[in-house]
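Student: Need a 3D model of the sequence below.
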Amino acid sequence: MSGLTGTGALLRLALRRDRVVLPVCIVLLVLLAGGSAQATLALYATPAELTAAAEAVNASPSIVAMFGPIADPTNPGAIASFKTVSLGAIFVALLAYALVRRHTRTEEEAGRTELVGAAVVGRRAPLTAAVLLAIGACLVTSILVAVYLIGLGLDPAGSVGYGLYWLSAGLAFTGISAVAAQLTQTARGASAWALGALGVAYVLRAIGATSQGAASVLTWLSPLGWGEKLEIYGGNRFVVFLIPVAFTIVTVGAAYALRERRDLGAGLVAGRGGPARAAASLSSPLALAWRLQRGAFVGWLVAYALLGFVLGAVAVNVGDFINDPKVEDMLRQLGGNASSLSDLYLAAEFNFLAIGAGAYGISAALRLRSEEVDGHSEQVLATHTSRPALLGSHA
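Tutor: Residues are numbered from 1 along each chain as shown. This next block holds a predicted model:
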């Protein structure tokens, strides 16, 4: 039996399991790009206003660090897409990571891979199906967003480059996530490796984009920076796309090699043993909830602190690139009636950040459900802990 036997069946199973969430994610990503481009183009009446706004963006290191530079300030597509192209690439990378993790390490940790492997399924089939699903999802998303932007009347070459920007991030983190799934024996461990790589990639891209001289080479070391080097709606250097393609081939190949060198259910990086006196630090349901939630909490806290720093730096120079009454009116609709333009900008941005805070609340609450599904809550309730105490501690 070939190591790839059963790949088609597993791919169909994965598509069936993700038949709702996957199309929804793709549609939302496409609407994010197209809707933002439409709204941005509607704010500026003349090409001169668009060019002035683009030049002001490139003059602000904080904005360049957050979103990346605009390749050609005279191209309407460049200013229309600069807010969503790098942000969307991160979302596509997260989509690829989630699909690979869900259909590899999560399935293996739950014991379903072992059950499926008892049938006519090759050793490499689960990983292959997950990689094909992630690449296919990223490819469909990239094609649809390029078609949407072309339909808005934007430059076709730049719109194709936009799709390649997203696809480059998706391909790179498909490979990274496939490797991460082989390193640890838990889905959370794989998340730490993959999301840590995403954070490092973002920092390298931001530093490289705002640096001169030797430090600017850091962009070339970032999987998120390769899309930036495509120079969409500018030079459109499509040859750069060969870098993420080659990187994906190497990392997926490495994932296959690592898969052959570990046992089913195990990881190549040994898990650490718990502290000898763990019971003393888990003396109450609240202490247990904190132990379970602290990693996610600290991660979100650090991310929001960094976002606050960037938004504060942008707010200082917000008047340089928001000098149109229509833009100010839009911010007032989003952020209220603040007295100064910088306060108005921050109020509008905090409304968007509140969505992320809600997402954190959802994920924290769902941790209690995952503990129940894994059978851990049953063990806690076997002690003197009551159900209200267990629920209240996570709340």
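
Student: Residue ranges in the stretch 251-395 of the chain under the pLDDT threshold?
Tutor: Filtered on pLDDT under 70, the stretch 251-395 of the chain yields the residue ranges 271-281, 317-336, 338.

Student: and with 90 instead?
Tutor: Along the stretch 251-395 of the chain, the model assigns pLDDT under 90 to residues 260-288, 290-360, 363-377, 379-380, 383-385, 395.

Student: any idea where the strands of it begin and end?
Tutor: For the stretch 251-395 of the chain, strands defined by DSSP state E, counting those that start in this stretch do not occur.

Student: One more: the stretch 51-200 of the chain?
Tutor: Under DSSP E, counting those that start in this stretch, the stretch 51-200 of the chain gives no strands.

Student: Low-confidence regions, it specifically.
Tutor: 51-74, 76, 78-83, 87, 109-123, 184-192, 195, 199.

Student: what sits up against stretch 185-204?
Tutor: Contact with stretch 185-204 is made by 90, 93-94, 97, 101, 104-106, 109, 172-173, 176-177, 179-181, 183-184, 218-219, 221-225, 265-267, 269, 271, 295, 299, as judged by CB atoms under 8 Å, 6 or more residues apart in numbering. Using the backbone N, CA and C atoms, a C-beta is placed for each residue, glycine as well.

Student: Kindly give a single ChimeraX line that selects the buried subset of those.
Tutor: Buried residues within the contacts of stretch 185-204, by 16 or more other CB atoms under 10 Å, are selected in ChimeraX with:
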select :90,93,94,97,101,104,105,106,109,172,173,176,177,179,180,181,183,184,218,219,222,223,224,225,267
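
Student: mind listing which of the contacts of stretch 185-204 are in helices?
Tutor: 90, 93-94, 97, 101, 105-106, 109, 172-173, 176-177, 179-181, 183, 225, 295, 299 (DSSP state H).

Student: Now do the buried residues in stretch 96-116.
Tutor: 96-109, 113, 116.

Student: swap in stretch 360-380?
Tutor: Those would be 360, 364, 368, 371, 377, 380, for stretch 360-380 by 16+ other CB under 10 Å.

Student: Could you list which of the residues you listed belong to helices?
Tutor: 360, 364, 368, 371, 377, 380.

Student: Including distance to residue 158, could the residues you listed go into TSV?
Tutor: Shown next, in TSV, are those (distance: CB to CB, whole Å):
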residue	distance to residue 158
360	35
364	40
368	46
371	47
377	52
380	55
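
Student: Quick check: the two most widely separated of these?
Tutor: 360 and 380 (23.1 Å; CB to CB).

Student: hang on, the earlier thing: can you tell me which of the buried residues of stretch 360-380 is closest to residue 283?
Tutor: Distances from residue 283 to the buried residues of stretch 360-380, taken by CB to CB, are shortest for residue 380, at 12.5 Å.
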